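Participant: coordinates only, sequence not included:
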């Protein structure tokens, strides 16, 4: 997703690049009865069986996933993973929902800028912001990193937690993807929704670890994916706490941004989860470090890469893309036998509405 910044053809480094990157990025199941873990955290496979259908998956990837899950949740298996260590992490953009033609948070940033512009006449004095409001991205592209910074600062920062959350909620409840004509929160990958549900049924705890803004995703992640906001890790910026008229308030501020991408993802996992994952789902080179970290677990692990090969039902891309560049991770996947999902052939459906 962070490859989007390359469209501005900038070669600057440092905090500006980091902050600008954040701009855009800032199941069918039939459960018979669930295994109950004993006092040691081991599931007893003799108590009952769990039947969960990964109905949107082709046989080969489905069988590999189910085989791994069965093996690591069987207390009699040498590869058994205790419930407390069943940590599964997922990237968001391009892994759980589309990131083409630009990441959805970029659309929100531009839409929110327009929504609040009435009370910010100063936006008209800035060529970049005025251009965005008029539908002309030329001035923003011309200014490169600084242009992106202006968009994120104007559309995200200076707002209270409550105000920003309300803006995101209104957008996610009303904005529609122009290609599919559906709400953005409906344009999510059905196979991945099934997979996350399947893992949770087998006592895995699912987390989002994405380059997108944590505050942006936390508003709707539970509704869309069944992942509560406190299990969402993303890029984040400066905040300020104060009490106004007796009311505690958190305000988003401009400043240094932590970018949860590439090497930043394992660091964020360590910082916020405190355990090495045993399952990782991603789709780009930005997720490669997170997959390496997952494979370094002391337990049997499984890494999954969504390869976007379907130009009809979604988008086809890997190397030549503004966001979601997939190259070195695909090479390593073949070397280390990670599970590569060919979207065109391995998913019977991409979205629930297809």
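Facilitator: Everything's here; your move. From a predicted model like this one, the values you see are computed outputs, not experimental measurements.
Participant: hey, where'd the strands end up in this protein?
Facilitator: Assigned by DSSP state E, the chain shows strands spanning 87-90, 205-213, 232-244, 247-258, 279-282, 302-307, 339-342.
Participant: point out where this structure drops to low pLDDT.
Facilitator: 1-52, 145 (pLDDT under 70).
Participant: the residue nearest the centre of it: what's it in contact with?
Facilitator: Nearest residue to the geometric centre of the chain (Cα atoms, centre = their mean): residue 92, 1.6 Å. Residues near residue 92 by Cβ atoms under 8 Å, 6 or more residues apart in numbering: 208, 210, 212, 217, 234. Placement of C-beta: from N, CA and C, glycine included.
Participant: any idea how many residues pack against residue 101?
Facilitator: When counting by other Cβ atoms under 10 Å, one arrives at 15 neighbours for residue 101.
Participant: residue 123 too?
Facilitator: 20.
Participant: out of everything not next to it in sequence, what's closest to it?
Facilitator: Counting by Cβ to Cβ, 6 or more residues apart in numbering, the nearest residue to residue 123 once its immediate chain neighbours are dropped is residue 129, at 4.2 Å.
Participant: you'd agree that neighbour is up against residue 121?
Facilitator: No. With contact defined as Cβ atoms under 8 Å, residue 129 and residue 121 do not form a contacting pair (10.9 Å).
Participant: which one of those two is surrounded by more residues?
Facilitator: Neighbour totals were compared for residue 129 and residue 121, and residue 129 leads with 23 against 8 (other Cβ under 10 Å).
Participant: how near is that one to residue 112?
Facilitator: 12 Å (Cβ to Cβ, to the nearest Å).
Participant: which residues of this protein fall in helices?
Facilitator: 15-25, 59-73, 104-116, 127-133, 138-143, 145-156, 161-174, 190-201, 214-218, 221-225, 264-272, 288-295, 328-336, 343-346 (DSSP state H).
Participant: just put the ones you listed in TSV and tack on distance to residue 182.
Facilitator: Shown next, in TSV, are those (distance: least, Cβ to Cβ, whole Å):
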stretch	distance to residue 182
helix 15-25	21
helix 59-73	25
helix 104-116	12
helix 127-133	24
helix 138-143	27
helix 145-156	23
helix 161-174	12
helix 190-201	12
helix 214-218	18
helix 221-225	12
helix 264-272	29
helix 288-295	29
helix 328-336	29
helix 343-346	18
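Participant: so which of these comes closest to residue 245?
Facilitator: Closest to residue 245 of the helices of the chain, according to Cβ to Cβ: helix 161-174, at 13.7 Å.
Participant: for that closest one, name the packing helices and strands.
Facilitator: Counting contacts by 3 or more Cβ pairs under 8 Å, 6 or more residues apart in numbering; DSSP states H and E, helix 161-174 packs against helix 104-116, helix 214-218, strand 247-258.
Participant: what angle do that helix and strand 247-258 make?
Facilitator: Counting by axes from the mean of the first three to the mean of the last three Cα atoms, to 10 degrees, helix 161-174 lies at 70 degrees to strand 247-258.
Participant: what are the buried residues along helix 161-174?
Facilitator: Neighbour-count burial for helix 161-174, counted by 16 or more other Cβ atoms under 10 Å, picks out 164-165, 167-168, 171-172.
Participant: possible to save those residues as a markdown table with distance to residue 154?
Facilitator: Formatted as a markdown table, the buried residues of helix 161-174 follow (distance: Cβ to Cβ, whole Å):
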| residue | distance to residue 154 |
| --- | --- |
| 164 | 13 |
| 165 | 18 |
| 167 | 13 |
| 168 | 16 |
| 171 | 16 |
| 172 | 20 |
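Participant: against residue 187, how distant is residue 353?
Facilitator: 8 Å.
Participant: I meant to write residue 268 there.
Facilitator: For residue 268 relative to residue 187 (Cβ to Cβ), the value is 26 Å.
Participant: before we move on, the earlier item: closest one of the contacts of residue 92 to residue 149?
Facilitator: The closest of the contacts of residue 92, once distances to residue 149 are taken by Cβ to Cβ, is residue 212, at 17.2 Å.
Participant: okay, now the domains of the chain?
Facilitator: Using automatic domain parsing, the domain parsing of the chain gives 2-25+104-160, 59-101+180-346.
Participant: make CSV out of those and add distance to residue 53.
Facilitator: Formatted as CSV, the domains of the chain follow (distance: least, Cβ to Cβ, whole Å):
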stretch, distance to residue 53
domain 2-25+104-160, 28
domain 59-101+180-346, 8
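Participant: contact partners for residue 157?
Facilitator: Contacts of residue 157 (Cβ under 8 Å, 6+ apart): 237, 252-254.
Participant: repeat for residue 334
Facilitator: Per Cβ under 8 Å, 6+ apart, neighbours of residue 334: residue 340.
Participant: hang on, the earlier thing: give me whichever of the helices and strands packed on helix 161-174 is most buried.
Facilitator: Of all the helices and strands packed on helix 161-174, helix 214-218 has the most neighbours on average by mean count of other Cβ atoms under 10 Å, namely a mean of 23.
Participant: circling back: max pairwise distance over the contacts of residue 157: which two?
Facilitator: Of all pairs in those, the most separated under Cβ to Cβ is 252 and 254 at 8.4 Å.
Participant: now the common contact residues for those two.
Facilitator: Here residue 252 and residue 254 have 157-158, 237-238 as joint contacts, going by Cβ under 8 Å, 6+ apart.
Participant: right, I'll leave it there.
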